[in-house]
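> Got a predicted model here, sequence first, then my questions.
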Amino acid sequence: MSQFIFAQIFIGGSAGLNATRFNIQHENKNDGSSTKYINGLNIEVPVLFKFNKNIGIQSGIGYYNMGSKIYPNFTSYNVIDQNDPIYQSLLNTNYTYRLNYLSAPLTFNVFLPINKFSIYARAGMYASYLIQGKIKENSSQNQNTFDIKKEDIKQFDFGTVIGIGASRNIGNGYIFLDAKYMIGLNNINNPNSRLFYMYNNTQKINNRDVSINIGYMFRISKNE
């Protein structure tokens, strides 16, 4: 019963930076393209239930900028005239996808308290819903931006999340620094997509995200 006597509930807020990209798997390994990380912002409202000083469950809601920069491999196409200016322009074209999600994690946390400080590790799952998306075409001739429609990319995403962090008790709560890695498991490539690059439904596209946040958690309940 002692672990429940200690039980505490915390709610807080955090903001941070993240680096995000797509992980693309092709049916034809020689028909691939490259992706690069892009930077984004995220805001979270975490909620933590601590059973005792060492274990707890964390959830909440967050707003995440995700996406990727993609460099398509146009050299794999059968082109009659490779000196054609349109083809040459395509070779220098890349696309920046920016996807804005509402995301809800659920993780199991393990804490190691050291006086007023604590370090922790956590692991679990997340579910996300796409609320807005844009694509920017970057080429030597064009700089166009397009809205992503609902039928272009699957709106729901889910995956695993792992993280580590450190905190220090201040007032009726604690300040914390948190780093985590989100691994998307859902293929967000819609088979009915009309997007220029995602037309090929043999491609499996998953989100990847690395983020660092700083925030504060308030203790709102304690059973004694």
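Good, I have the coordinates.
> Can you give me the distance of Leu177 to Tyr64?
Distance of Leu177 to Tyr64, computed by C-beta to C-beta, to the nearest Å: 18 Å. For glycine as for every other residue, the C-beta is placed from the backbone atoms N, C-alpha and C.
> Where does pLDDT dip in the chain?
Within the chain, the ranges that satisfy pLDDT under 70 run 1-6, 27-32, 73-92, 140-141, 194-202, 222-224.
> One more pass at 80, please.
1-6, 26-34, 71-93, 138-143, 150-151, 191-203, 221-224 (pLDDT under 80).
> bridging residues for Asn189?
Applying DSSP bridges to Asn189 gives these bridge partners: Ile153.
> Tell me the spacing between it and Leu106.
In terms of C-beta to C-beta, Asn189 sits 25 Å off from Leu106.
> higher neighbour count, these two?
Between Asn189 and Leu106, counted using other C-beta atoms under 10 Å, the more crowded position is Asn189 (23 against 13).
> correct me, but that one touches Asp157?
No - using C-beta atoms under 8 Å, Asn189 is not in contact with Asp157, being 11.4 Å away.
> ok, the closest residue to Ile57 other than its chain neighbours - contacts?
Closest residue to Ile57 apart from its sequence neighbours, by C-beta to C-beta, 6 or more residues apart in numbering: Phe49 at 5.1 Å. Taking C-beta atoms under 8 Å, 6 or more residues apart in numbering, we find Phe49 in contact with Ala7, Gln8, Ile9, Phe10, Gly56, Ile57, Gln58.
> number of nearby residues for the nearest residue to Leu17 once chain neighbours are set aside?
With sequence-adjacent residues excluded and distances taken as C-beta to C-beta, 6+ apart, Leu17 is closest to Ile212, at 6.0 Å. Look at Ile212: counted by other C-beta under 10 Å, it has 16 neighbours.
> got the contact list for Ile212?
Gly16, Leu17, Asn18, Leu177, Asp178, Ala179.
> Which positions within stretch 11-23 qualify as buried?
Buried residues in stretch 11-23, defined by neighbour count with 16 or more other C-beta atoms under 10 Å: Gly12, Ser14, Gly16, Asn18, Thr20, Arg21, Phe22.
> Sorry, wrong one. I was asking about stretch 125-144.
With burial defined by 16+ other C-beta under 10 Å, the residues of stretch 125-144 counted as buried are Tyr126, Ser128, Leu130, Gly133, Ile135, Lys136, Glu137.
> now swap in stretch 41-51 and tell me
Buried, per 16+ other C-beta under 10 Å, within stretch 41-51: Asn42, Glu44, Pro46, Leu48, Lys50.
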